[in-house]
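K.L.:
Sequence and predicted structure, then a few things I'm wondering about:
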Amino acid sequence: MAFVEQVVSASPLLHLTTMGYSMEGRALPVVVVGDVEDASPEAVLATGKARVYVQANIHAGEVCGKEAMQVLLRSLANGAHAEWLDSLVLLIAPIYNADGNERVKLTNRRYQHGPVAGMGQRYNAQDLDLNRDNMKLETPEARSLVAFWDRYDPHVIIDLHTTNGTRHAYRLTYAPPLHPNTDARIVELARAHLLPEVTRTLKAKYDWDYYYYGNLPWRGVDAERGWYTFSHQPRFLTNYVGLCNRIAILSEAYSYATVEERILATLRFVEEVAEVAYRHASAMRRITAAADSVDIVGRELALRATYERSSEPVEILMGEVVEERNPYTGLPMLRRLDVRRPERMPEFGTFRPTETERAPAAYLVPGDLNEVLNLLDDHGIEWSRLEVAVALRVERFVIDSTTVAEREYQGHHERTLFGDYEETEVTLAAGTAVVRVSQPLGRLAFALLEPRSDDSLVSWDLLGDALDEARYYPVMRTFQR
Ligand SMILES: [Zn+2]
């Protein structure tokens, strides 16, 4: 905080604000960098420029992004990249998981190559993973973030991490939004233009290899050898952003590179993404606006998904590490060696639907399900109430059976409903909430409200006991406009 306060005082182009607070009441800083009057959303939106939001330290042991963003802020304050501000406003949030950052231990992220004097922890003060909270919004951090996005509406969002997975030879790996319901133009912009261009530039400038995030199958998992990305689910921040029609990039520095190298790898990546955003700012604004105006009603959308195998094998650069010891704990940590061992293997970097439903015209939520309606509000999903009772042809989901996971995950036991929709005529009470799917956040509403969606109100068991003996899922839907 001392650093961001000092750096904003060094340049009229930098302005400090906060997106909100952590559970323990720490302000979550955002530095607004641009040709703006002040840090307010009104001032930022009034520029009409493309907005790029960069966030570090969601997992507070993955510290290199936090350092890289301070380096970037310092150089921006010194006048570097001044041309970016012709078409961009940058919103830089260097320390999202501020409470986790305070819980320094020398044994957090044990095999990571430092900082040898320790690093923060993955979870926030509630012991929750902020990168699994984007659908249920149970943490003040995620709620602050979503409210901030609602006010500043960034076009591009970069989420900075560090991976300690497979020993590969990349300086950094990345991912675009992965949910199959993401608007095709958003995905194409990231996969066909932004990421290839950034990758080519970094290779040409520094001879550093960057590629899509992936891992070999985890030990004990019976799967074909290949390059597997993580998940399509919107509980993950970048997948969530994609479902909200914005361009998102996950950035994963490599745990076994030295701290200095990780900071540099992250800094260079963010700089090149910003460079492309600067040159193609109007395309970014056009594409996100076009995605917002798509009417998805009647489209067949994914409820659940699985990895899609690439038709051809791809070349993955495998690497090697050597064991060293943390001088203070004496415990082993790993350091990358400058080895590139190309191996051809299938890639599992995208997802295909395993189950689909047609997007309805509207969902009908009983007027007294306040927790559901509050959550829709928190996400910025629009809805309205019926002023009078209405007789309507609807579909309601008949529950055949329900399973609840034995294992607790992020404080919940995952629930799955089995059953089918049936058509019926009902009289909806006055006060029933109508959530129209033809709105910018229609894809998100579908993911939250469909009973078989795999990252929904049901799967997080947010409807609680209401479903235990229920014959019907309480939220109905209609195809009538
Ligand atoms: Zn992470």
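P.N.:
Cool, got the structure. Being a predicted model, the structure only gives us computed values, none of them experimental.
K.L.:
For the helix ranked longest in the chain, name the packing helices and strands.
P.N.:
Looking across the chain with DSSP state H, the single longest helix is helix 259-279. On a contact count with 3 or more C-beta pairs under 8 Å, 6 or more residues apart in numbering; DSSP states H and E, helix 259-279 meets strand 50-55, helix 64-77, strand 88-93, strand 156-163, strand 172-175, helix 195-206, strand 247-254. In this view, the C-beta of every residue, glycine as well, is placed from N, C-alpha and C.
K.L.:
same thing but at 6 Å, please
P.N.:
The criterion is 3 or more C-beta pairs under 6 Å, 6 or more residues apart in numbering; DSSP states H and E, and the helices and strands that helix 259-279 contacts are strand 50-55, helix 64-77, helix 195-206, strand 247-254.
K.L.:
So which residues make contact with the last one?
P.N.:
Outside strand 247-254, the residues that touch it by C-beta atoms under 6 Å, 6 or more residues apart in numbering are 64, 156-163, 172-175, 177, 186, 213, 238, 241-242, 262, 265-266, 269.
K.L.:
Kindly report the same for the first one.
P.N.:
Contacts to strand 50-55, defined as C-beta under 6 Å, 6+ apart, come from residues 88-93, 96, 154-159, 270, 274, 277, 281, 284-285.
K.L.:
And the average pLDDT for that strand is what?
P.N.:
Rounded to a whole number, the mean pLDDT of strand 50-55 is 98.
K.L.:
swap in the second one?
P.N.:
Taken as a whole, helix 64-77 has a mean pLDDT of 98.
K.L.:
which of the residues in that helix are buried?
P.N.:
Of the residues in helix 64-77, 64, 65, 66, 67, 68, 69, 70, 72, 73, 74, 76, 77 count as buried by neighbour count, 16 or more other C-beta atoms under 10 Å.
K.L.:
In CSV: those residues, plus distance to residue 225.
P.N.:
As requested, the buried residues of helix 64-77 are exported to CSV (distance: C-beta to C-beta, whole Å):
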residue, distance to residue 225
64, 29
65, 30
66, 35
67, 35
68, 33
69, 36
70, 39
72, 38
73, 42
74, 43
76, 43
77, 47
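K.L.:
Name the nearest of those residues relative to the ion.
P.N.:
The shortest separation between the ion and any of the buried residues of helix 64-77 is 9.4 Å, and it belongs to residue 65 (by C-beta to the ion).
K.L.:
domains for the chain, by residue range?
P.N.:
By the record's domain assignment, the chain is partitioned as 2-352, 360-478 (automatic domain parsing).
K.L.:
so how far is the shortest one off the chain centroid?
P.N.:
Mean C-alpha position of domain 360-478 versus that of the full chain (C-alpha atoms, centre = their mean, to the nearest Å) differs by 23 Å.
K.L.:
what do you get for the longest one?
P.N.:
Distance, stretch centre to chain centre, for domain 2-352: 8 Å (C-alpha atoms, centre = their mean).
K.L.:
I'd like to know how far residue 363 sits from residue 449.
P.N.:
Between residue 363 and residue 449 the computed distance is 5 Å (C-beta to C-beta, to the nearest Å).
K.L.:
anything in contact with each of those two?
P.N.:
When contacts are counted by C-beta under 6 Å, 6+ apart, residue 363 and residue 449 have residue 475 as shared neighbours.
K.L.:
Which is the succeeding secondary structure element to the top strand by length along the chain?
P.N.:
Looking only at the chain and at elements set by DSSP state E, the strand with the highest residue count is strand 390-409. Using DSSP states H and E, the helix or strand that directly follows strand 390-409 along the chain is strand 412-428.
K.L.:
Does that next one pack against any helices or strands, and if so which?
P.N.:
strand 390-409.
K.L.:
in the strand it packs on, what counts as buried?
P.N.:
Residues of strand 390-409 classed as buried: 392, 394, 395, 396, 397, 398, 399, 402 (neighbour count, 16+ other C-beta under 10 Å).
K.L.:
quick one: which of those residues is nearest to the ion?
P.N.:
Distance ranking of the buried residues of strand 390-409 against the ion, using C-beta to the ion, places residue 402 first at 32.1 Å.
K.L.:
okay but that closest one is in contact with residue 417, surely?
P.N.:
Yes - at 5.3 Å, residue 402 counts as touching residue 417 under the criterion of C-beta atoms under 6 Å.
K.L.:
Can you name the residues of the stretch 101-250 of the chain that neighbour the ion?
P.N.:
Contact residues (C-beta under 5 Å from the ion) of the stretch 101-250 of the chain with the ion: residue 161.
K.L.:
quick one: residue 159 and residue 240 touch, right?
P.N.:
No - with contact defined as C-beta under 6 Å, residue 159 does not reach residue 240; the gap is 10.0 Å.
K.L.:
Neighbour count for the two, which is higher?
P.N.:
residue 240 (29 against 26; other C-beta atoms under 10 Å).
K.L.:
other SSEs contacting the helix or strand that contains that one?
P.N.:
Residue 240 belongs to helix 237-243 when assigned by DSSP H and E. Under the contact definition 3+ C-beta pairs under 6 Å, 6+ apart, helix 237-243 sits against strand 156-163, strand 247-254.
K.L.:
dump the residue contacts of residue 452.
P.N.:
The neighbours of residue 452, taking C-beta under 6 Å, 6+ apart as the test, are residue 303.
K.L.:
Where does it fall, secondary structure wise?
P.N.:
Counting by DSSP H and E, there is no helix or strand that carries residue 452.
K.L.:
Need the residues that contact the longest helix of the chain.
P.N.:
Residues from elsewhere that reach helix 259-279, judged by C-beta under 6 Å, 6+ apart: 52, 54, 64-65, 67-68, 71, 84, 87-88, 114-115, 156, 160, 171-172, 194, 197-198, 201-202, 251, 253.
K.L.:
pLDDT averaged over it, what's the number?
P.N.:
Mean pLDDT, taken over the full extent of helix 259-279, equals 98.
K.L.:
tilt between the helix or strand following that helix and strand 247-254?
P.N.:
Following helix 259-279 in sequence order, the next helix or strand is helix 281-293 (DSSP H and E). Calculated by axes from the mean of the first three to the mean of the last three C-alpha atoms, to 10 degrees, helix 281-293 forms an angle of 110 degrees with strand 247-254.
K.L.:
and the residue lying closest to residue 54 once chain neighbours are set aside, how far is that from residue 204?
P.N.:
Residue nearest to residue 54 in three dimensions, not counting chain neighbours: residue 158, with 4.6 Å by C-beta to C-beta, 6 or more residues apart in numbering. The gap separating residue 158 from residue 204 is 21 Å, by C-beta to C-beta.
K.L.:
Which one of the two is surrounded by more residues?
P.N.:
The residue with more neighbours, out of residue 158 and residue 204, is residue 158; 27 against 9, by other C-beta under 10 Å.
K.L.:
Quick check: the more buried one vs residue 90, distance?
P.N.:
From residue 158 across to residue 90, the span is 10 Å (C-beta to C-beta).
K.L.:
Taking the stretch 301-450 of the chain, what residue is nearest to the ion?
P.N.:
residue 410 (14.6 Å).
K.L.:
wait, what's in contact with that residue?
P.N.:
Applying C-beta under 6 Å, 6+ apart, we find residue 410 in contact with 128, 132.
K.L.:
Can you tell me the SS state at residue 134?
P.N.:
Each residue gets one of three states, and residue 134 gets coil by DSSP: H, G, I helix; E, B strand; the rest coil.
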